[in-house]
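A.B. asks: what's the 3D shape of this:
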Amino acid sequence: MHRDNLSPKELLLVNRIEMLQRPTGGDSMKVLLLYDFPLHFIGDTICRFCYLKALCGFFEESVEIEVNCPNGMVHQLIRNNPYVSAVSQTPLMEIDYMQYHMIIITSIETELAFLNMLSIRYADTVLEGSPFPQVFSVTAYFDKLAKLDTIFSSLPGLGDYIQDNADAVQKELFLTAGEIEWGGNWLRGQGVKEDDNLIVMFDDSSRKIKQLNMEVYFDLLQYYIDNTNAKILIYDEKGIGKDTFYEAWLGSEQMARLVFARQLGLRNDISLLADKAVKLIFGPCTGMMHCAAAVYGVLVNNGFPRENVPLIITYTGKDIEDPTTKWDWWGGKQLSYCILVGDNDNGQREIFLLEQYRHDYLSCKNFTVALITGFLRANFTQQLQPLFNHSSHIIGNS
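C.D. replies: Below you'll find the model as predicted:
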């Protein structure tokens, strides 16, 4: 454990915490999940909250999990989550910890901050052996990129439970029926009918290295305009005037096919993804692509027909991140597909699925329109057929 740099007092506090065995709450146990990271990204949050369902199932008794996080975006993503009893954003120094039976910490930074709080507020209580909540770390699951060992012990048995109940770990984002209705009404107001076909194209990510070349992106957009009957949804979350930029690239005559969602807010942006008109969602490894997979994960679990889920395709490539994180984000049983580009054994460039992972995959700048459309034709003809004006466009040459 990462305790080499702790002071003697801090080390003593951690050791005493491990010795404490506070009784559980009888019919219900109250757990406080301290969720905070130096940076909060939408995709990371969606992936980390995959473990909330598993945490609930792990406790044999009834459990109430309160999530405390200072970040408002996180609160939006966790809204309506049935595995969370309450959400708060109280500073660590002000929380009344004695009302909980267990404290669970999700990052090494929060472990350090919690230990500092413990030294200031509860040192005497803990060192005297007075009752105090049990404290555990789940940093190994919530922060897989962490390079440091944890300060507090891992929650005993959680790893085995997750391994034995892999289906309990999945992306989930809970929209209300009212939110889905709002999204549909907004799209109807933009001229997108319920029986229309809508393609969602994401053009941005946290880093440019995750994106297609701009020319490739707009050529792909033009391909969809020329060959499909679909309207295309573009997000302008910050209201920077993307429509003007798109018009300069595509020409004014093409703009009638595009719908721009300008500064609607995160939950409203997400609600558009659940509309019946959506048939294809395409974009880089970015937060809203995780949201798309998470929204439909919940809908399918609640009886939404699997065959009605739009085709969700995320592209990614070699960048500064550890390659194994791509599997953490997009691998396993998901309602989305993740594609990469590389050279096959014959030296020919091709696109392949993440499940066919090879170490020699390339950056996103190596995707081309021909490669993307060829891959779609070879693998998703049935799903995409309704989008295209004529069968030859999806079956024939691009």
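A.B. asks: which elements pack onto the host helix or strand of Gly297?
C.D. replies: Assigned by DSSP states H and E, Gly297 falls within helix 287-301. With contacts defined as 3 or more CB pairs under 8 Å, 6 or more residues apart in numbering; DSSP states H and E, helix 287-301 has these neighbours: helix 42-48, helix 266-272, strand 278-284, strand 311-315. To be clear about C-beta, it is placed using only N, CA and C from the backbone, and glycine gets the same treatment.
A.B. asks: any idea which of those gets closest to Val67?
C.D. replies: Closest approach to Val67 among the helices and strands packed on helix 287-301 is made by helix 42-48 (10.8 Å; CB to CB).
A.B. asks: mean confidence for that closest one?
C.D. replies: Taken as a whole, helix 42-48 has an average pLDDT of 92.
A.B. asks: now do stretch 171-181
C.D. replies: Along stretch 171-181, the predicted local confidence has a mean pLDDT of 97.
A.B. asks: and stretch 223-234, by the same measure?
C.D. replies: The predicted confidence, averaged over stretch 223-234, sits at 95.
A.B. asks: how far is that stretch from where the chain is centred?
C.D. replies: For stretch 223-234, the distance between its averaged C-alpha position and the chain's averaged C-alpha position is 26 Å (CA atoms, centre = their mean, to the nearest Å).
A.B. asks: show me the shaky parts of the stretch 201-350 of the chain.
C.D. replies: Along the stretch 201-350 of the chain, the parts satisfying pLDDT under 70 run over 320-325, 327-328, 332-333.
A.B. asks: do a quick rundown of the helices in it.
C.D. replies: Assigned by DSSP state H, counting those that start in this stretch, the stretch 201-350 of the chain shows helices spanning 214-227, 242-250, 266-272, 287-301, 324-330.
A.B. asks: those: which one's closest to Phe132?
C.D. replies: Ranked by CB to CB, the member of these that lies closest to Phe132 is helix 324-330, at 33.3 Å.
A.B. asks: where are the low-confidence patches of the stretch 1-150 of the chain?
C.D. replies: 1-2, 21-27, 144-148.
A.B. asks: I figured Ala294 hits Asn81, correct?
C.D. replies: No. Here Ala294 lies out of contact with Asn81, judged by CB atoms under 8 Å, at a distance of 10.6 Å.
A.B. asks: who's more crowded, those two?
C.D. replies: When neighbours are counted by other CB atoms under 10 Å, Ala294 and Asn81 differ, and Ala294 comes out ahead with 27 against 18.
A.B. asks: if we can go back for a sec, quick one: closest of the helices of the stretch 201-350 of the chain to Asp36.
C.D. replies: helix 287-301 (17.7 Å).
A.B. asks: next, the angle strand 311-315 makes with that closest one.
C.D. replies: Angle of helix 287-301 versus strand 311-315, following axes from the mean of the first three to the mean of the last three CA atoms, to 10 degrees, is 150 degrees.
A.B. asks: shift numbering so it begins at 37
C.D. replies: Got it, first residue is 37 now, which makes that one helix 323-337.
A.B. asks: list the buried ones in the helix holding Gly333?
C.D. replies: Using 16 or more other CB atoms under 10 Å as the test for burial, helix 323-337 gives 323-335.
A.B. asks: return the member of those nearest to Leu68.
C.D. replies: Taking CB to CB as the measure, Ala330 is the one of these closest to Leu68, at 23.9 Å.
A.B. asks: pretty sure Gln135 is touching Met65, no?
C.D. replies: No. Judged on CB under 8 Å, Gln135 makes no contact with Met65 at a distance of 11.9 Å.
A.B. asks: between those two, who's got more neighbours?
C.D. replies: Here Gln135 and Met65 are set side by side on neighbour count (other CB under 10 Å), and the busier one is Met65, at 18 against 10.
A.B. asks: who touches whichever strand or helix holds that one?
C.D. replies: Met65 belongs to strand 64-70 when assigned by DSSP H and E. Outside strand 64-70, the residues that touch it by CB atoms under 8 Å, 6 or more residues apart in numbering are 91, 95, 97-105, 128, 131, 133, 135-142, 146, 150, 169.
A.B. asks: try 6 Å
C.D. replies: With CB atoms under 6 Å, 6 or more residues apart in numbering as the test, strand 64-70 has contacts from 97-104, 136-141, 146.
A.B. asks: got it, and stretch 308-321?
C.D. replies: If you take CB under 6 Å, 6+ apart as the criterion, stretch 308-321 is touched by 211, 216, 219-220, 223, 228, 230, 232-238, 241, 246-247, 325, 328, 331, 346-350, 352, 423.
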